[in-house]
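>>> just to be clear, the model below is a prediction. Sequence and coordinates:
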Amino acid sequence: MQASKSYDVIIIGAGAAGMMAAITAGKRGKKVLLLERNKKPGAKILISGGGRCNFTNQDTEPGAYISENPHFAKSALSRYTPWDFMDLMAAHGLSWHEKTLGQLFCDQSAKAIVSMFLEECTAAGVDLKLQTDVVKVGQEPSGFSIRTSDTIWEAGSLVIATGGTAIPQMGATDFGYRLARQFGLRIVEPLPALVPLVFDPQIVAGMKNLAGVAADCNVSVPHRKHAPVFRENILFTHRGLSGPAILQISSYWSHGDSIAVNLLPVEADVLAWLKKARETQGASSVKAVLRSVLPDRLADQIAEEWPDKMADQSNQSLQALTERLSAWSLKPTGTEGLKKAEVTKGGVSTESLSSKTMEVKSVPGLYFIGECVDVTGWLGGYNFQWAWASGYAAGQAV
């Protein structure tokens with residue numbers, strides 16, 4: 001065991017939030033140690049956006065975040081914005097483009113963003129130690145002691161940026177939650193979020209010919225008053241539904257809830273549209289009419305229940321078809337779990353933290369940032385923006 005080594009700040013976790021906190025503190029003249037158990041820093045950055053990194057969303061606002069305290073994220077998000085991160089990228093010669101719904105992607109690569117952070121760490125004098133497991137964390141009169149396999153590190157401030165439990169195959173653990181409990185903090189139950197939904201085998205069997213089909217839809221959870229309606233693609237899978245709209249709504253879904261899928265969001269009044277089709281395309285089959293607005297396999301499957309021509313459909317029949325198209329009710333049995341979840345919902349309760357600094361109110365010098373906190377963003381760069389913002393807030397305060 002080596003002799004103790006002292007720093008002003010020790011940060012556990014060299015992901016998006018941890019690196020941002022380290023750089024921000026280092027630039028303020030703090031002596032910073034950044035510890036990471038994986039071989040490389042920024043694991044989630046590297047896989048984001050198909051290797052392009054969906055690094056933020058230009059429409060970021062607090063309403064795009066889920067938390068027991070919906071106001072908690074406001075302070076940090078207001079003090080480090082998407083444009084602040086874009087300025088950082090521009091200073092390193094990186095550029096970006098918008099895809100859809102405000103999502104910004106790096107033109108170069110996700111690796112370029114990690115390289116940018118490493119350059120910033122070097123410039124800020126941050127010491128980065130990879131493949132380093134923390135064995136024990138203790139509180140000392142002068143701050144904190146962090147024991148690894150061969151060294152005891154000491155610091156006046158300790159920042160926990162170890163993320164949630166989503167994607168365990170990439171090294172995600174519950175370390176942050178365990179440490180929070182060690183210091184008496186409450187944990188909001190961690191659950192998979194931004195995750196595909198699965199259904200009863202009977203329902204899946206009825207959709208077996210649809211695996212791989214994508215469709216533009218509105219998806220909602222009708223019984224959740226404050227849950228948004230998301231309009232993006234859904235994707236039929238061998239176990240249920242995925243795609244951006246499903247990933248989004250999964251963060252608001254709970255066991256026992258049904259979801260509602262509107263397969264024709266382009267039509268404000270589906271019944272009126274069907275009645276007009278009956279008048280103008282009476283000789284056509286329902287299948288042919290549906291194929292004009294839906295993917296063929298999806299149209300064919302729905303039309304199995306309405307095999308006759310449009311002219312033969314009664315008002316009652318068209319009303320039933322309207323409900324099938326615009327308010328298809330499905331009850332998931334669960335999700336694909338943490339292995340397929342993009343993030344973890346829940347985490348360290350925000351009641352324990354300062355919204356301005358991310359410091360634990362009852363333990364001066366201890367901070368929690370990023371995904372391990374009970375703040376979960378929508379799909380599309382929102383969670384990275386929370387990582388940057390919360391990391392910056394802590395880095396300014398330590």
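Arrived safely, thanks for sending.

>>> can you give me the helices in the chain?
Across the chain, reading from the start of the chain, the helices by DSSP state H fall at 16-27, 43-47, 74-79, 82-91, 110-123, 175-182, 201-206, 244-250, 270-280, 286-291, 296-303, 315-326, 382-397.

>>> using JSON lines, lay out those helices together with mean pLDDT.
Shown next, in JSON lines, are the helices of the chain (pLDDT from 0 to 100):
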{"stretch": "helix 16-27", "mean pLDDT": "98"}
{"stretch": "helix 43-47", "mean pLDDT": "94"}
{"stretch": "helix 74-79", "mean pLDDT": "98"}
{"stretch": "helix 82-91", "mean pLDDT": "98"}
{"stretch": "helix 110-123", "mean pLDDT": "98"}
{"stretch": "helix 175-182", "mean pLDDT": "97"}
{"stretch": "helix 201-206", "mean pLDDT": "89"}
{"stretch": "helix 244-250", "mean pLDDT": "98"}
{"stretch": "helix 270-280", "mean pLDDT": "97"}
{"stretch": "helix 286-291", "mean pLDDT": "97"}
{"stretch": "helix 296-303", "mean pLDDT": "96"}
{"stretch": "helix 315-326", "mean pLDDT": "97"}
{"stretch": "helix 382-397", "mean pLDDT": "98"}
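
>>> so which bits of stretch 132-140 are buried?
Buried residues in stretch 132-140, counting neighbours by 16 or more other CB atoms under 10 Å, are found at Thr132, Val134, Val137. Glycine gets a C-beta too; all of them are placed from N, C-alpha and C.

>>> does the second one really touch Leu35, like I thought?
Yes - assessed by CB atoms under 8 Å, Val134 is found in contact with Leu35 at 6.4 Å.

>>> adding mean neighbour count, write the helices of the chain out as CSV.
Conversion of the helices of the chain to CSV gives the following (neighbours: other CB atoms under 10 Å):
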stretch, mean neighbour count
helix 16-27, 29
helix 43-47, 19
helix 74-79, 18
helix 82-91, 16
helix 110-123, 18
helix 175-182, 19
helix 201-206, 12
helix 244-250, 26
helix 270-280, 17
helix 286-291, 20
helix 296-303, 18
helix 315-326, 16
helix 382-397, 27
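
>>> including distance to Leu263, could those go into CSV?
Output for the helices of the chain, formatted as CSV (distance: least, CB to CB, whole Å):
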stretch, distance to Leu263
helix 16-27, 36
helix 43-47, 31
helix 74-79, 34
helix 82-91, 33
helix 110-123, 34
helix 175-182, 39
helix 201-206, 15
helix 244-250, 11
helix 270-280, 9
helix 286-291, 9
helix 296-303, 7
helix 315-326, 5
helix 382-397, 26
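
>>> touching both of Val134 and Leu35, which residues are there?
Applying CB atoms under 8 Å, 6 or more residues apart in numbering, one finds that Val134 and Leu35 are jointly contacted by Ile12, Ile146, Thr148.

>>> contact partners for the closest residue to the last one other than its chain neighbours?
Read it as Thr148. Closest residue in space to Thr148, ignoring its immediate chain neighbours: Thr132 at 5.3 Å, by CB to CB, 6 or more residues apart in numbering. Contacts for Thr132 were tallied using CB under 8 Å, 6+ apart; they are Leu35, Glu36, Arg37, Thr148, Ser149.

>>> need the max-distance pair from these.
Farthest pair in the contacts of Thr132 (CB to CB) is Glu36 and Ser149. Separation: 14.0 Å.

>>> so for those two, which residue has more residues nearby?
When neighbours are counted by other CB atoms under 10 Å, Glu36 comes out ahead of the other of Glu36 and Ser149, with 25 against 10.
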